[in-house]
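In: any chance you can model this:
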Amino acid sequence: MAEASDLAVLITGGTSGVGLATAHRFASAGVARIALIGRNAERGDKACSAVRAAAPEAAVHFVAGDANDPAQAVAAATAARDMLGGVDVLVNSTSAVYVPALLRDTPIEDIAVMLTGQALAPLHMCRAVLPWMAGQGSGAIVNVASDAAKVPTPGESVLGAAMAAIVTFTRTLAVEAKRDGIRVNAVTPSLIEGTIIGERAMAGGFSKKLFEKAKTQAHLGPTEPDDLAQLIVFLAGPGAARITGQVISVNGGISVA
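Out: Below is the predicted model:
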């Protein structure tokens, strides 16, 4: 595994929440080449500026693109690779806005959009970078999913299906890619405080009741973006050189999934 200063890190969904916290953690660890992919250019520019301000030696770039679209995913990944001079680490921290609701209350025409909106981006981005990592004989991929993939929770039937797709994809890709020196892992939070999705989930109604109950079980404290970021940086680094195909929960003790 290369030294941190030699790594080129690509973070999909890196302009806010867990993705942005992860960019900060990589920069503070000495990573000098970071690219953030997101859909909002204004938010992307602010995110890059914030990381640079905290770590002036880091070269941080923003690439606009919607990773749910295969053509945009490839174009954004290619642009990032060209800016960075390669891709050693891919972090997929994308998530569509989702407020838990019972399936019977979910419009049937929304299911396909909800499912693909949550699950497709990591698959597209992994497919885009995999040939480059295989060509260099090394790489680390970390996908951010959710404990909804492991713990059946009322109101998260569609989300659980999407997250289970990411988890099984991660494990299977780890088996496929290990022969090329590529490690693939996933981290799965429950509710994450200090994020747009977390705030909307706690705004009211069924979702608020669901997560208020869950928070009472987080005896180690509610999860924050930096909790995930620290684990992601570890999984991408030399300390995790023998770890692949793993799905690790970070939830403050809400469950032991």
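
In: quick one: low-confidence ranges for the protein?
Out: Low-confidence segments of the chain (pLDDT under 70): 1-3, 194-219, 257.

In: cross-check the contact I'm expecting between residue 141 and residue 126.
Out: Yes - under the criterion of Cβ atoms under 8 Å, residue 141 makes contact with residue 126 at 6.0 Å. (C-beta placed from N, C-alpha, C; glycine too.)

In: neighbouring contacts of the host helix or strand of residue 53?
Out: Here residue 53, judged by DSSP states H and E, is contained in helix 41-54. Contact with helix 41-54 is made by 14-16, 20, 23-24, 27-28, 34, 36, 38, 58, 60-64, as judged by Cβ atoms under 8 Å, 6 or more residues apart in numbering.

In: and residue 29, how many neighbours does it have?
Out: Neighbours of residue 29 under the rule other Cβ atoms under 10 Å: 17.

In: intersection of neighbour lists for residue 141 and residue 126?
Out: Contacts common to residue 141 and residue 126, judged by Cβ under 8 Å, 6+ apart, are 90, 92, 173, 184.

In: the first one contacts residue 13, doesn't it?
Out: No - with contact defined as Cβ under 8 Å, residue 90 does not count as touching residue 13 (11.4 Å).

In: rewinding a little: determine the angle, from 0 to 180 degrees, between the helix or strand following the helix holding residue 53 and helix 41-54.
Out: Downstream of helix 41-54, the first helix or strand assigned by DSSP H and E is strand 59-64. Strand 59-64 and helix 41-54 are oriented at 170 degrees to each other (axes from the mean of the first three to the mean of the last three Cα atoms, to 10 degrees).

In: which strands and helices lie in contact with the helix or strand just after strand 59-64?
Out: As assigned by DSSP H and E, the chain's next helix or strand after strand 59-64 is helix 70-84. Applying 3 or more Cβ pairs under 8 Å, 6 or more residues apart in numbering; DSSP states H and E, one finds that helix 70-84 makes contact with strand 8-12, strand 33-38, strand 59-64, helix 111-136.

In: chain center to the second one, what's the gap?
Out: I take that to be strand 33-38. 13 Å (Cα atoms, centre = their mean, to the nearest Å).

In: can we start the residue count at 52 from this point?
Out: With 52 as the first residue, the last one maps to strand 84-89.

In: what comes up buried for that strand?
Out: 84, 85, 86, 87, 88, 89 (16 or more other Cβ atoms under 10 Å).

In: isn't residue 153 right up against residue 207?
Out: No - if you go by Cβ under 8 Å, residue 153 and residue 207 don't touch, sitting 9.6 Å apart.

In: could you pull out the strands for the stretch 202-308 of the chain?
Out: Taking DSSP state E, counting those that start in this stretch as the criterion, the stretch 202-308 of the chain carries its strands at 233-240, 298-301.

In: nearest residue to the middle of the chain?
Out: In the chain, the C-alpha closest to the average C-alpha coordinate belongs to residue 144, at a distance of 2.0 Å (Cα atoms, centre = their mean).

In: for that residue, give its distance to residue 232.
Out: 23 Å (Cβ to Cβ, to the nearest Å).

In: can you check residue 90 too?
Out: 32 Å.

In: torsion angles phi and psi at the residue nearest to residue 87 when sequence neighbours are not counted?
Out: Distances taken as Cβ to Cβ, 6 or more residues apart in numbering put residue 65 closest to residue 87, at 3.3 Å, once the chain neighbours are dropped. Residue 65 adopts backbone torsions of phi -90, psi 10, taken as degrees, to the nearest 10.

In: and residue 65, how many neighbours?
Out: 31.

In: okay but it is in contact with residue 91, surely?
Out: No - counting by Cβ under 8 Å, residue 65 sits too far from residue 91 to count as a contact (11.4 Å).

In: reformat the shared contacts of residue 192 and residue 177 as CSV; add distance to residue 121.
Out: Below are these laid out as CSV (distance: Cβ to Cβ, whole Å):
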residue, distance to residue 121
141, 16
143, 14
224, 17
235, 19
